[in-house]
Every structure is written in C-alpha cells, then in structure tokens.
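J.: Show me how the following folds:
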Amino acid sequence: YLRKCIDELKVIQYSPFQEGKVMFGAWVEIENQKGMKIRFRIVGGEEIIGVKDYISIDSPMAQALQKKEVGDSVVVKTGAGEFTWKINKIEYQK
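T.: Coordinates of the predicted model:
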C-alpha cells in the first residue's frame with residue numbers, strides 16, 4: 001500500500017502562517033463542557049496507524065477544528081450526535 005502511495009505523498013513543513021490556528025500537523029488540546037480534556041495531533045490518514053494520540057485530517061473533529069484559534073468553541077457532528085469542544089492549546093513541532 002505504502003509503495004503505491006509514496007509518489008503521491010509529500011512532507012508538509014511548518015509555516016509561521018499556521019501559528020495560532022489549527023491546521024495540518026497541529027497538536028491540539030480541547031475540553032468539553034464536563035471538563036474532559038483531550039490532546040491529539042492532526043495528521044494524514046496513513047500516519048494514524050498504531051498511534052493513539054493522532055487523528056486524521058479527514059475526521060469530523062479535525063474538519064470542525066480547521067483554522068480555529070485558542071478560545072474558540074466548535075460543534076463536532078458525528079454519528080453519535082453533536083458535541084461542543086473549546087480549544088485550549090495549539091502547538092506545532094518546529
């Protein structure tokens with residue numbers, strides 16, 4: 001599978017343009033109304049295999065968080081319903 005994908009994959013480098021916003025490669029900490037916190041990194045679907053704290057850029061959560069900033073609240077729509085999360089922290093590996 002990876003051999004077939006390798007020609008289409010590309011490395012995304014950090015850009016200062018991303019700072020302060022949720023974008024591809026971000027580590028994000030979110031919190032729900034009950035105080036439950038979750039921290040994860042938004043990556044490509046191929047990168048989440050075997051890694052507990054990564055989510056796909058194509059997931060409903062990542063899609064809802066795109067281009068949002070610290071302090072923003074988002075509503076995430078899933079098959080289980082709608083959930084509201086607040087963004088506490090956004091970090092990038094540089």
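
J.: What pLDDT does the model give the residue nearest to residue 66 when sequence neighbours are not counted?
T.: If the residues on either side of it in the chain are set aside, residue 66 comes closest to residue 22, at 6.0 Å by CB to CB, 6 or more residues apart in numbering. Using the backbone N, CA and C atoms, a C-beta is placed for each residue, glycine as well. We have a pLDDT of 95 for residue 22.

J.: Ok, residue 87 next?
T.: You'll see residue 87 listed with a pLDDT of 98.

J.: Any idea what the residue positioned nearest the centre of the chain is bridged to?
T.: Most central residue of the chain, judged by C-alpha distance to the mean C-alpha position with CA atoms, centre = their mean, is residue 42 at 3.1 Å. When bridges are assigned using DSSP bridges, the partners listed for residue 42 are residue 55.

J.: hang on, it packs against residue 58?
T.: No - with contact defined as CB atoms under 8 Å, residue 42 does not reach residue 58; the gap is 9.9 Å.

J.: neighbours around residue 91, how many?
T.: For residue 91, the neighbour count with other CB atoms under 10 Å is 13.

J.: Identify the residue spatially nearest to it, adjacent ones excluded.
T.: In space, and not counting its chain neighbours, residue 91 is closest to residue 27: 4.4 Å by CB to CB, 6+ apart.

J.: report the longest helix in this protein, please.
T.: In the chain, ranked by residue count with DSSP state H as the criterion, the top helix is helix 60-65.

J.: now for it, which elements pack on it?
T.: strand 54-56, strand 73-78, strand 81-91 (3 or more CB pairs under 8 Å, 6 or more residues apart in numbering; DSSP states H and E).
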